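A.B. asks: I would like to see how this sequence folds:
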Amino acid sequence: MPETMDGVTTPRGAWSAAGAVAGVAGLAISHAATMVLTLRSSPLVAVAELIIQHVPGGLAERAIKVLGSNDKPFLVVVIFLIMMLFAMWAGRLAEHSWWKPILVWVGMGAVGLLAVLTRFDATALDYLPVTAGVVTWIVALSFLTEPLHHADAEDDTQSDGKSRRSFLIRSGVLGVAGIGVGIFGQNFGAKRRHVEETRRLLNLPVTDPKSPRGTMVDVPDMPSWKTPTGEFYKIHTAVVVPTIEPQDWSLRIHGKVDREITLTYQELVDRPLIQRWITLNCVSNPVGGPLIGNAWWSGVLLADLLEEAGVSGDADAILQTSHDGWTCGTPLDMVTDRQRHAMLAIAMNGEPLPIDHGFPVRTLVPGLYGYVSACKWVVDIEVTKFEDFEAYWTDKGWSEKGPVKIASRIDVPENGDDVETGTVRIGGHAWAQHTGISGVEVAINGGEWTRVDIGSSPNTDTWVQWKTEVDLEEGDHTVLVRAVGSDGETQTGVERDTRPDGATGWHQIEISAS
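C.D. replies: Residues are numbered from 1 along each chain as shown. Now for the predicted structure:
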């Protein structure tokens, strides 16, 4: 390796550094172009979403379990680091060839272009950030490596030092310019902020009631029966969530129907609205897990819209498609059953849907896991047959139909807590959406199952809270819970994983009394 000159890095390190700086500059320009054009996501994000689309189901499930809501940011960071390795390699290749780095840049651009092309909402404008990024990579690397080539050609030590100082200056200027362009683009294309402001100013004809009397049980530190919007769980595959102006949104209902229907946002809002307490939970929720919430939802009955469209007799499903291309297949009889109150929701807890929860419109079907029913940012509903399509999660090994399983959990105390000896209050939740809960039973230290008190519920589509008091002596104790449905079904203790159609088993905690 050549010796260091004038305190600058070795030539080989300088070539790698040139590639890395050029790589960051290209990503910054690409991101800025995405923001200025008010596109939904940059090529980097599009690549992440392409990976999410094709990752094996088991791996996706493990990522959710280990990383939770950080799974997508983690993926973006990993992709960025891999791109930097390729960028540094391009810089090294530039030492001896002008065309080999171009192949690297074009290859990286081709991956970004492929990711963009496969997106559901792709337009011709989405190609521009990819093109801008590739051009920046090529030009920036040539700009940075010019003084390095001069340094290698010079025999004079003083000239060599000037060339290397020129490289540092160029790297600094390009780095600062790239960051500045990225910040400018972020501010200039702040589409989400505008959509948030539009959402805030909407005046929808919806209400925001308090939790019905009797739904909350008297146990200190119990979570609220009504889940605050900011605490409601969020699961989706979008790295950058769609930001849609209400006036730009429309829904197409087509397929096996007599009459195709296209609705604008205002046309939807002007229809008769229903409002209902509904508990939603994710199929990825483990036994006793947090991926469940209860809210007051406002929207339009899907059954009414499908009746207007005139559904064909041989159809048995609807294929829902989100603005970002995510799909789910839902049993037709579930959405046409008026007693189930499947809806196109426009509001949550008395306010327009938050962007992260599907603004401006999402679907929800009580009694089904979200992966087969809850399509955020929904823009297309095709009446069809299950045999004619594969939706996102069912293509990855989850079951075709996802009825919610009866389940329960212990919220207070938490696993591993220390409690005082004597009387201890224990509480939690139980649910069997669209069936209802008739009872909850608790077993202490492997003893007999004992019925406990349960709170009221306004309908069968919400969870119930439960409570009990037990006397505990000093030492370690185990608490188990199981629910009994209104149909007489007792929650099974057989332990099964979340895949393919939801976890089963009894929630158990261990506490110490002292």
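A.B. asks: break the chain into its domains for me.
C.D. replies: For the chain, automatic domain parsing gives the domain ranges 11-189, 229-396, 407-513.
A.B. asks: rank those domains by mean pLDDT and give me the bottom one.
C.D. replies: With a mean of 85, domain 11-189 has the lowest mean pLDDT of those.
A.B. asks: distance from the chain centre to that one, please.
C.D. replies: Taking CA atoms, centre = their mean, to the nearest Å, one finds domain 11-189 lying 25 Å from the centre of the chain it belongs to.
A.B. asks: before we move on, what about stretch 284-304?
C.D. replies: With CA atoms, centre = their mean, you get 15 Å for stretch 284-304.
A.B. asks: could you list the buried residues of that stretch?
C.D. replies: In terms of neighbour count (16 or more other CB atoms under 10 Å), stretch 284-304 has its buried residues at 284-289, 291-304. Yep, even glycine has a C-beta here, placed from its N, CA and C like the rest.
A.B. asks: list the ones among the residues you listed that fall in strands.
C.D. replies: Ile292, Gly293, Asn294, Ala295, Trp296, Trp297, Ser298, Gly299, Val300, Leu301 (DSSP state E).
A.B. asks: contact partners for the first one?
C.D. replies: Put plainly, it is Ile292. The contact partners of Ile292, taken as CB atoms under 8 Å, 6 or more residues apart in numbering, are Tyr233, Thr279, Leu280, Asn281, Cys282, Asn285, His429, Trp431, Trp463.
A.B. asks: also the third one?
C.D. replies: With CB under 8 Å, 6+ apart as the criterion, the residues that contact Asn294 are Trp225, Lys226, Thr227, Trp277, Ile278, Thr279, Leu280, Thr462, Trp463.
A.B. asks: show me the residues you listed that map onto strands.
C.D. replies: Members of those lying in strands (criterion: DSSP E): Trp277, Ile278, Thr279, Leu280.
A.B. asks: among these, who's most crowded?
C.D. replies: Greatest neighbour count in the ones in strands among the contacts of Asn294, by other CB atoms under 10 Å, goes to Leu280: 26 neighbours.
A.B. asks: look up how far Gly289 lies from that one.
C.D. replies: For Leu280, the distance to Gly289 equals 13 Å [CB to CB, to the nearest Å].
A.B. asks: now the helices for the chain?
C.D. replies: Secondary structure of the chain by DSSP state H: the helices cover 11-36, 43-54, 57-67, 71-93, 100-117, 127-153, 157-188, 191-201, 265-269, 302-309, 332-336.
A.B. asks: and these, which is most packed in?
C.D. replies: The highest mean neighbour count among these, using mean count of other CB atoms under 10 Å, belongs to helix 11-36: a mean of 23.
A.B. asks: show me what that one is packed against.
C.D. replies: For helix 11-36, the packing partners by 3 or more CB pairs under 8 Å, 6 or more residues apart in numbering; DSSP states H and E come out as helix 43-54, helix 71-93, helix 100-117, helix 127-153, helix 157-188.
A.B. asks: now distance to Gly68 too, for the ones in strands among the contacts of Asn294, in TSV please.
C.D. replies: Shown next, in TSV, are these (distance: CB to CB, whole Å):
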residue	distance to Gly68
Trp277	26
Ile278	24
Thr279	20
Leu280	17
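A.B. asks: which of those residues lies closest to Ile183?
C.D. replies: Set against Ile183, the nearest of the ones in strands among the contacts of Asn294 by CB to CB is Leu280 (37.5 Å).
A.B. asks: so what sits opposite the closest one in the bridge?
C.D. replies: Beta bridges link Leu280 to Gly293, judged by DSSP bridges.
A.B. asks: please name the residues that touch it.
C.D. replies: Leu280 is in contact with Ile292, Gly293, Asn294, Ala295, Leu364, Gly370, Ala374, counting by CB under 8 Å, 6+ apart.
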